[in-house]
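Enquirer: Sharing a model that was predicted from the sequence below.
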Amino acid sequence: MSEEENNLICWSLCCSDKTDEIIEQVENSNKVILPESMLYAYKDYDFPIHFTVENKETKLSSVCGVFEFTSSPGTALFPYHLMQSLFINEGDTCSFTIALPIRGSYIKLKPHKTAFIELNDPKAILEHHLSKNYTVLTKGETISIKYMDDTYYIDVVECEPADTIHITNSDINLDFDEPIDYVEPPPENVVIPRSSFIHTMSNKFVPFSGSGNRLGNK
């Protein structure tokens, strides 16, 4: 494709004619909806395919997946949080180039709110959401998770073995970093008898231990 054909006008999902069901599926992901012409142009690539999206004004970029190829010719539909992270305004033009991320082995994530790690089994919630809505992750991006009636934002702090990794059908070691709003509890006043030798443990945040869990469909 020519450079001109790789340039698409970007709109958020709320400005589209997509159903509420589709909007709900895509809004908390890093997938976009592209025109059918992009499917034919890259039909020789292995699926799922990924694109580097660059805001032509700010030069900010991110790697995203594709939900489907059903947008109007010359347009792309975005989750709103992805538009925010790339400073894309409604009707802005972005360039799309094919991306070939390598299979990942490790990610470290930093929740914005401590409330996320206080959920019942937050690691399982995260892994389920990633396997469903994210096929690729890039260091520095922020993912969005809708759980029950709340939306949680989580920063991608580290990716290995590269800054952008493919996570579908991959054994990923996953760690959590301290949440942004985490406040360390004050130390307890403990009286230690002179005749006793007591080992005390810190109250500091302990991230979840990484373990290889397969993300995505087998």
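Expert: Sure thing, it's come through. Residues are numbered from 1 along each chain as shown.

Enquirer: secondary structure element for residue 124?
Expert: Secondary structure from DSSP states H and E places residue 124 in helix 122-133.

Enquirer: buried residues in that helix?
Expert: Across helix 122-133, burial judged by 16 or more other C-beta atoms under 10 Å covers 122, 123, 125, 126, 127, 129, 130, 131, 133. Glycine gets a C-beta too; all of them are placed from N, C-alpha and C.

Enquirer: That helix packs against which elements?
Expert: Helix 122-133 sits against strand 142-147, strand 170-176, strand 212-215, with contacts defined as 3 or more C-beta pairs under 8 Å, 6 or more residues apart in numbering; DSSP states H and E.

Enquirer: and the residue nearest the centre of the chain, bridged to which residues?
Expert: Central residue of the chain (C-alpha atoms, centre = their mean): residue 143, 3.3 Å from the mean position. Beta-bridge partners for residue 143, by DSSP bridges, are residue 154.

Enquirer: How about the contacts made by it?
Expert: Residue 143 is in contact with 30, 109, 130, 134, 137, 153, 154, 156, counting by C-beta atoms under 8 Å, 6 or more residues apart in numbering.

Enquirer: Ignoring the adjacent residues along the chain, who's closest to residue 42?
Expert: Spatial nearest neighbour of residue 42, chain neighbours left out: residue 49 (5.6 Å); criterion: C-beta to C-beta, 6 or more residues apart in numbering.
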